[in-house]
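Visitor: sequence plus predicted model, see below.
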Amino acid sequence: MPYFDAASSAPLHPVARRALLAALDEGWADPARPYREGRRARLLLDSARQAAAEAVGCRPDELIFTPSGTLAVHSGISGALAGRRRVGRHLVLSAVEHSSVLHAAAAHEAEGGEVTEVAVDRSGAVDASAYARALREDTALACLQSANHEVGTEQPVDRVVQECRAAGVPLLVDAAQSLPWGPVPEGWSLLTASAHKWGGPAGVGLLAVRKGVRFAVRGPADERESGRAAGFENIPAIVAAAASLRAVRAEATAEAARLRALVDRIRARVPELVPDVEVVGDPVRRLPHLVTFSCLYVDGETLLHALDRADFSVSSGSSCTSSALTPSHVLRAMGVLSEGNVRVSLPVGTADEAVDSFLEVLPRMVAEVRETLGVRETPGGRERQEAPVPSSPSPAASGSLVVDALGKRCPIPVIELAKVIGDVPPGGTVTVLSDDEAARLDIPAWCAMREQEYVGEEPADHGSAYVVRRLI
């Protein structure tokens, strides 16, 4: 069964498995104790820290292990903000950061701090000059992921580092997705990562804090991990995490080239095989193993279940999935189509045949999902819908229609728009009433794909009114 969700959690690397089993026998004792078993555990812990620090590009005494990548982010942000409290309480981050960063920012705001989100373009990248403009004299910390977890776009960390350095602001880089493929550009002040993203065991995070960065631990102090991560170290898991990071880095150059070729095949073939698809994310500055695309007129949850029944495990940022009532904040910030969203992230070792099989199965799965929603594909990618929905007033009389899609989730509002756009003359308008958050993204995206004019959003008694003018 092909597993294509490595961006969520990569399969355990064989090196990690062997290291974990060996460390279970040798690394169970308290590394703080002076007797033989304790010294052996300390040696394993120190060796793992040295290996991880080499991969990160920092000194061993600058790196600590945390119980998760999320805790590394939370501890890094809260510690840096507390350490620079005299400078100010302003935090800067991009609009597409991982939810762990957003949650930490929300907690900072709840405590009276101020947060500025820097917008991204349609590829998901920030502009370094826009990021620089967000920095102020009272900015205590800036955060920027090295590469996006949902669309794979790499951020201009090197340029943002320069802007932050010029402003005297420390930069925290979330390197969870990119660290297996290579080091982050130099100049960062804090860095976080998570072992299960590169094939290490879950429950191990990394937090690196450069010497000279003001940092104050929030909460009760602990004598372990320089006082920055409380609790007994999980030495077997830490050893396995460091060993697997070293192993994937050794394979990174060759494997990145191989997986990039497979992703390029997906990026090129999906729009050819499936009508009405938008491939999102930067086509060049991106992670080698990840590709994301969205399909018009598709229920994302149904599509993921269909692919699962066909033995493909993929992820989605679609608002049509049961775990997300609103579109992914990443897709929303990018302003791209969110319905029928599929994220494919290939683990190390993915076979060419698995990708070929996925490309063979996907068109049939999408067509079946669309059929259940009353949309049938026709040659050239133009859709044909079943009986039109009631509308008012008559298009013959006024050249306008109002479609009531209140209470209906994506992709229904867009499907109902497509059903009636041909009923108004060129220059006429269709107004879609919807209270589905995804409509704010998907209706403009539909207009761009269908060469119609998106007039804009207007307030309504319930939800919003989205106005579309027919051009062709």
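Guide: Arrived safely. Residues are numbered from 1 along each chain as shown.
Visitor: since we're on the closest residue in space to residue 340 that isn't next to it in sequence, how many residues are nearby?
Guide: Using Cβ to Cβ, 6 or more residues apart in numbering and skipping residues adjacent in sequence, the residue nearest residue 340 is residue 298, 2.9 Å away. For the C-beta atoms, the positions are set from N, CA and C on the backbone; glycine is no exception. Look at residue 298: counted by other Cβ atoms under 10 Å, it has 31 neighbours.
Visitor: surely residue 462 is in a strand?
Guide: No: assigned with DSSP: H, G, I helix; E, B strand; the rest coil, residue 462 falls outside any strand and is coil.
Visitor: report how many residues lie close to it.
Guide: For residue 462, the neighbour count with other Cβ under 10 Å is 11.
Visitor: which residues does it contact?
Guide: 406, 433, 435 (Cβ atoms under 8 Å, 6 or more residues apart in numbering).
Visitor: would you list the phi and psi of the closest residue in space to residue 66 that isn't next to it in sequence?
Guide: Leaving aside its chain neighbours, residue 66 sits nearest to residue 205 (4.0 Å; criterion: Cβ to Cβ, 6+ apart). For residue 205, the backbone dihedrals are phi -120, psi 160 (criterion: degrees, to the nearest 10).
Visitor: what sits against residue 205?
Guide: 65-73, 192-195.
Visitor: inside helices: which ones of the residues you listed?
Guide: Counted as lying in helices by DSSP state H, out of these, are 69-73.
Visitor: what would the contacts of residue 205 look like in TSV with distance to residue 337 and pLDDT?
Guide: Compiled in TSV, the contacts of residue 205 are given as follows (distance: Cβ to Cβ, whole Å; pLDDT from 0 to 100):
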residue	distance to residue 337	pLDDT
65	40	97
66	36	96
67	37	95
68	32	96
69	29	96
70	29	96
71	34	96
72	33	97
73	29	97
192	30	98
193	30	98
194	29	98
195	33	98
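Visitor: thinking again about what came up before, which single one of the ones in helices among the contacts of residue 205 is nearest to residue 311?
Guide: residue 69 (28.7 Å; Cβ to Cβ).
Visitor: that closest one contacts residue 76, doesn't it?
Guide: No: the pair residue 69 / residue 76 is not scored as a contact, 10.4 Å apart, by Cβ atoms under 8 Å.
Visitor: what do those two both touch?
Guide: Joint contacts of residue 69 and residue 76 (Cβ under 8 Å, 6+ apart) are residue 192.
Visitor: the two: who's more crowded?
Guide: Legend: neighbour count by other Cβ under 10 Å for residue 69 and residue 76, higher for residue 76 (33 against 25).
Visitor: test my guess that that one contacts residue 192.
Guide: Yes: look at residue 76 against residue 192 with Cβ under 8 Å: they come within range, at 5.4 Å.
Visitor: who touches both of the two?
Guide: Listed as contacting both residue 76 and residue 192 by Cβ under 8 Å, 6+ apart are 172, 207.
Visitor: circling back: can you say which of the contacts of residue 462 are buried?
Guide: Buried members of the contacts of residue 462, scored by 16 or more other Cβ atoms under 10 Å, are 406, 433.
Visitor: quick check, nearest of the contacts of residue 462 to residue 232?
Guide: When those are compared against residue 232 (criterion: Cβ to Cβ), the nearest one is residue 435, at 49.4 Å.
Visitor: report the contact partners of the closest one.
Guide: Here residue 435 is in contact with 406-407, 462-464 (Cβ under 8 Å, 6+ apart).
Visitor: let's have the residues you listed in TSV, adding distance to residue 88.
Guide: Output for those, formatted as TSV (distance: Cβ to Cβ, whole Å):
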residue	distance to residue 88
406	44
407	45
462	41
463	39
464	37
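Visitor: what helix or strand is residue 18 located in?
Guide: helix 14-26 (DSSP states H and E).
Visitor: could you tell me how far that helix lies from the centre of the chain?
Guide: Distance of helix 14-26 from its chain centroid, counting by Cα atoms, centre = their mean, to the nearest Å, is 30 Å.
Visitor: contacts for the very next helix or strand once past that helix?
Guide: As assigned by DSSP H and E, the chain's next helix or strand after helix 14-26 is helix 36-56. Outside of helix 36-56, the residues within contact range by Cβ under 8 Å, 6+ apart are 23, 26-33, 59-60, 62-63, 65, 175, 179, 183-184, 191, 193, 206, 208, 233, 235, 238-239, 241-243, 245-246, 249.
Visitor: okay, buried residues for helix 36-56 please.
Guide: 40-42, 44-45, 48-49, 51-56.
Visitor: any chance of those residues in a markdown table, plus distance to residue 332 and pLDDT?
Guide: What follows is the buried residues of helix 36-56, written out as a markdown table (distance: Cβ to Cβ, whole Å; pLDDT from 0 to 100):
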| residue | distance to residue 332 | pLDDT |
| --- | --- | --- |
| 40 | 51 | 94 |
| 41 | 46 | 94 |
| 42 | 47 | 94 |
| 44 | 44 | 96 |
| 45 | 42 | 96 |
| 48 | 39 | 97 |
| 49 | 39 | 97 |
| 51 | 39 | 97 |
| 52 | 34 | 97 |
| 53 | 37 | 97 |
| 54 | 38 | 96 |
| 55 | 33 | 96 |
| 56 | 31 | 96 |
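Visitor: residue contacts, residue 414?
Guide: Here residue 414 is in contact with 296-297, 339, 439, 442-443, 446 (criterion: Cβ under 8 Å, 6+ apart).
Visitor: quick check, nearest of these to residue 272?
Guide: residue 296 (15.5 Å).
Visitor: does the closest one touch residue 336 like I think?
Guide: No: applying Cβ under 8 Å as the test, residue 296 and residue 336 come out as separate, 12.0 Å apart.
Visitor: anything in contact with each of these two?
Guide: The contact sets of residue 296 and residue 336 overlap at residue 278 (Cβ under 8 Å, 6+ apart).
Visitor: what about the strands in the stretch 351-472 of the chain?
Guide: 375-377, 383-385, 400-404, 429-434, 453-459, 464-469 (DSSP state E, counting those that start in this stretch).
Visitor: nearest to residue 421, of those?
Guide: Using Cβ to Cβ, the nearest of those to residue 421 is strand 429-434, at 5.8 Å.
Visitor: got the angle between the closest one and strand 464-469?
Guide: If you take axes from the mean of the first three to the mean of the last three Cα atoms, to 10 degrees, strand 429-434 sits at 160 degrees to strand 464-469.
Visitor: give the other helices and strands that strand 429-434 contacts.
Guide: Strand 429-434 sits against strand 400-404, helix 412-420, helix 439-450, strand 464-469, with contacts defined as 3 or more Cβ pairs under 8 Å, 6 or more residues apart in numbering; DSSP states H and E.
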